[in-house]
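Visitor: quick check, what structure comes out for this input:
(chains A, B, C and D)
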There are 2 protein chains.
Amino acid sequence: MLDTLGEQGYRSTSPRKAVTQAIAAKQGHFTAEQLRQQLPGVGRATIYRSLKLLVDSGALCRVLLEDGNLHYQLSHQGHHHHLLCVECGSSQDLLGCDIEDLLRQVSTAHRFQLSGHWLEVYGRCYDCLSEAATG
Amino acid sequence: MLDTLGEQGYRSTSPRKAVTQAIAAKQGHFTAEQLRQQLPGVGRATIYRSLKLLVDSGALCRVLLEDGNLHYQLSHQGHHHHLLCVECGSSQDLLGCDIEDLLRQVSTAHRFQLSGHWLEVYGRCYDCLSEAATG
DNA sequence: CCCATATTGATACTATATCTCAATAAGGAA
DNA sequence: TTCCTTATTGAGATATAGTATCAATATGGG
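Guide: I've put the predicted structure just below:
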């Protein structure tokens, strides 16, 4: 992550190192506030600034939970979407989904020039389904 | 809108009348704060409470703008999506989109039990495209 | 080693929304 | 019509998420 920022001309500072290391060690999504509590030595503004930089650089993606809360998560690829489990909160990336094609088609039909979209998918992951069935 | 609330056992109060009338007269989406400024006689908490009731009852839908701001809009149908113009802010409903089918398929492939989703589509509407071309 | 400047952090501030709780209003029952 | 239970309201405090300001500091190229 720091490399990515470096390539984009940003300086490698110790607050940024702390932030990127903390994020790299995380699994799953988290809020800005959780990150802040985990890094009491880093100022609030710096936390938010770093998150914004990382989102813009593509290293991090935003996740909108069903309750409206905004979380962040390491991004393992380019533009993609999430399957969010409403039970355990886990998230898997949605793969092999050609929603872009579909949206392009319907946009054209509405004489609308598509420039972007936001999609989140909610439901129950396999683990939680299994537990519900056996437990 | 009041009827819908009435059917669900909610009382018909004058603040609720004021809110539903103001919303019915609006075209396009609006923020809770805009509604509040329009109805200075109604308390802030009541505005938000009414909005939540109306969203839950299905009369109102939430609209997430590209800048992250949450707006509200009269809902003319059941679950649907919006084509949001990033230029003029207008919104048209996305019709004839079988995204539910697509999502059901890919969810199954991920062994994920779909329960809901959130989709917003951003771009430029026909009017703004025309203006850009001729203007 | 120096210096221009990117970056930081303390703090104030904004926006959005919820919570608390006493006062009030709605509407069914008598 | 009046009474009474209870839903609802509103003022204000509180919570949450994020941005703006700006002097002090740290970075990294020269």
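Visitor: and chain B, is the longest strand belonging to chain A touching that?
Guide: Ranked by residue count, the top strand of chain A under DSSP state E comes out as strand A:113-124. Yes. Remark: strand A:113-124 sits within contact range of chain B at A:113-124, by Cβ under 8 Å from any Cβ of the partner chain. The C-beta positions use only the backbone N, C-alpha and C, and glycine is treated the same way.
Visitor: check stretch A:76-95 too.
Guide: Yes. Using Cβ under 8 Å from any Cβ, stretch A:76-95 reaches chain B at A:83, A:85-86, A:92, A:94-95.
Visitor: spell out which parts of chain A neighbour DNA strand D.
Guide: Proximity of chain A to DNA strand D (Cβ under 7 Å from any atom of the strand) is limited to residues A:11-14, A:31-33, A:44-45, A:48, A:52, A:69-70.
Visitor: filter those down to the ones in helices?
Guide: Judged by DSSP state H, helices contain the following of the residues of chain A next to DNA strand D: A:14, A:32-33, A:44-45, A:48, A:52.
Visitor: please, where are all the strands along chain A?
Guide: Under DSSP E, chain A gives strands at A:60-64, A:70-74, A:81-85, A:91-94, A:113-124.
Visitor: just those: most buried one?
Guide: For the strands of chain A, average neighbour numbers computed from mean count of other Cβ atoms under 10 Å in any protein chain shown are highest in strand A:81-85, which has a mean of 24.
Visitor: thinking again about what came up before, let's have the residues of stretch A:76-95 next to chain B in TSV, adding pLDDT.
Guide: TSV is the format used below for the residues of stretch A:76-95 next to chain B (pLDDT from 0 to 100):
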residue	pLDDT
A:83	96
A:85	96
A:86	93
A:92	93
A:94	89
A:95	81
